[in-house]
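Asker: got a predicted model here, sequence first, then my questions.
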Amino acid sequence: MRYKRLLLFPLILALISLACGGASTNSSEESTLQAISDQVRQTGTAAALAETQSDVGDPAVAGTQTALSALGPDSLTATAAASAPILAKLPTYNVDPSSGRVAWIHPPVSLEVQGFMQFDYVNHFISVLAQDFVMSADISWDAIGSESSCGFVLRSDGNQDAMNTYLATISRVASGHFLFMTVAKGEFVTGQDIYAYGRDPAFDWQNNATNNLTVVGRANHFWIYTNGTLIGEIDPSAPPELLLPPEPEGPRDGSAEALAEYAVKQAEYETITRQIKADYNQRLQNLKNADTTFDRGFTALVALSRAGTKATCQFNNAWLFLIE
């Protein structure tokens, strides 16, 4: 199975919005986290990922997973040669090359998304399940005028009624961010935003740039690398950060018009922050009641769009190494 075009996997787009900064004066944009998360059961995403479970018994998929056993000496040599650069990189990520195996090497692929709340994913080896792993890809984006994000679906269970999954993506918005989200039983429960450009001097947020994203997952912790630089460690059970927009600047002068204009902005700010805090408290409650430890699941390459013009995510040199 290559990929399916679906309505948005909406939850991570809230984080894309946060990465753009909290200065918007549109209260509907600033208070969407809970509202968006409520829509997840109405999308086809969980059902589509669940459908992939049935692919395990499909002869084509089964053939893909057992192909190595049928390869001749020349093909095995070529496979070993393709794996060698991957194994050589693993010590960069504090992973012993002898601790596991290369599960797949993905051919180059491009995903396109456009407009409000759109999502696309692909994995030619979708039936491979990952527990402890290293997943990596060189990601290029063409995303002028688009609030979009490119990266990975991790340890998804594909439950069509209440999906559990992690998502890890990079975005060029706000000069380059890494975004991580934990979704438990179809609800966004927590997420983290790392300013990648601030921690990795090689991170290029410009359009048509290429950055490498590598995620190492061991038990309930994830180490995030961009361009070979460790930019953060993720605990998917950690509470979300409360992000508030900046307060409006004071009146420009003492005139009645300036004071009235400031009063309107201040009232709007108070409405926005009140809603954000209410949504945040609800997410804390959701997190308290959620199981955020997903031990094993599907992986995929993913492109997400919150809004704007067409965005293209190009994935090259993508691979998955299973730590066993």
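Answerer: Yep, that arrived. Residues are numbered from 1 along each chain as shown.
Asker: name every strand pairing with the longest strand belonging to the chain and say which way it goes.
Answerer: As assigned by DSSP state E, the longest strand anywhere in the chain is strand 311-323. Taking DSSP bridges as the criterion, strand 311-323 forms sheet pairs with strand 100-106 (antiparallel), strand 109-113 (antiparallel), strand 133-142 (antiparallel).
Asker: direction included, what does the helix or strand following the second one pair against?
Answerer: Read in the C-terminal direction, the helix or strand following strand 109-113 is strand 118-122, with elements assigned using DSSP states H and E. When pairing is defined by DSSP bridges, strand 118-122 lines up against strand 5-7 (antiparallel), strand 298-308 (antiparallel).
Asker: in this structure, where is pLDDT below threshold?
Answerer: 1-79, 146, 160, 307-308 (pLDDT under 70).
Asker: and the longest helix along it, how far from the chain's centre?
Answerer: With secondary structure taken from DSSP state H, the chain has its longest helix at helix 256-288. Distance of helix 256-288 from the chain centroid (Cα atoms, centre = their mean, to the nearest Å) equals 27 Å.
Asker: what is it packed up against?
Answerer: On a contact count with 3 or more Cβ pairs under 8 Å, 6 or more residues apart in numbering; DSSP states H and E, helix 256-288 meets helix 27-30, helix 32-37, strand 187-194. Just so you know, the C-beta spots here come from the backbone N, C-alpha and C atoms, and that holds for glycine as well.
Asker: list the buried ones in it?
Answerer: In terms of neighbour count (16 or more other Cβ atoms under 10 Å), helix 256-288 has its buried residues at K265, E268, Y269, I272, T273, Q275, I276, D279, Y280, R283, N286, L287.
Asker: surely the third one meets E247?
Answerer: So the one you mean is Y269. Yes. Under the criterion of Cβ atoms under 8 Å, Y269 makes contact with E247 at 6.0 Å.
Asker: just list whatever residues bridge to H106.
Answerer: Here H106, judged by DSSP bridges, has bridge partners A318.
Asker: that one against F315, yeah?
Answerer: Yes. Using Cβ under 8 Å, H106 is in contact with F315, at 6.9 Å.
Asker: who's more crowded, the two?
Answerer: Neighbours were counted for H106 and for F315 using other Cβ atoms under 10 Å; F315 has more, 23 against 19.
Asker: any idea how far C150 is from that one?
Answerer: Per Cβ to Cβ, to the nearest Å, F315 is found 8 Å from C150.
Asker: then S237?
Answerer: 25 Å.
Asker: what does F125 give?
Answerer: According to Cβ to Cβ, F125 and C150 sit 19 Å apart.
Asker: so which of those two has more stuff around it?
Answerer: For F125 and C150, the more surrounded residue by other Cβ under 10 Å is C150, and the numbers stand at 26 against 17.
Asker: on that earlier part again, want to throw the buried residues of helix 256-288 into TSV with distance to F298?
Answerer: What follows is the buried residues of helix 256-288, written out as TSV (distance: Cβ to Cβ, whole Å):
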residue	distance to F298
K265	46
E268	42
Y269	42
I272	37
T273	38
Q275	34
I276	33
D279	29
Y280	30
R283	25
N286	23
L287	23
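Asker: any chance you could map the helices in the stretch 51-200 of the chain?
Answerer: Counting by DSSP state H, counting those that start in this stretch, the segments of the stretch 51-200 of the chain that form helices are 59-70, 73-89, 196-199.
Asker: can you list contacts of whichever helix or strand comes after the shortest one?
Answerer: Sequence-wise, the next helix or strand downstream of helix 196-199 (DSSP H and E) is strand 210-218. Surrounding strand 210-218, the residues in contact under the criterion Cβ atoms under 8 Å, 6 or more residues apart in numbering are 93-95, 130, 132-140, 151-152, 154-155, 168-170, 178, 196, 202-204, 222-228, 316-317, 323.
Asker: which of those residues count as buried?
Answerer: Buried, going by 16+ other Cβ under 10 Å: 93, 95, 130, 132-140, 151-152, 154-155, 168-170, 178, 196, 203-204, 222-227, 323, out of the contacts of strand 210-218.
Asker: mind putting the strands paired with strand 311-323 into TSV with distance to F119?
Answerer: Putting the strands paired with strand 311-323 into TSV (distance: least, Cβ to Cβ, whole Å) gives the following:
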stretch	distance to F119
strand 100-106	18
strand 109-113	7
strand 133-142	15
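Asker: before I go, just wanted to say thanks for your time.
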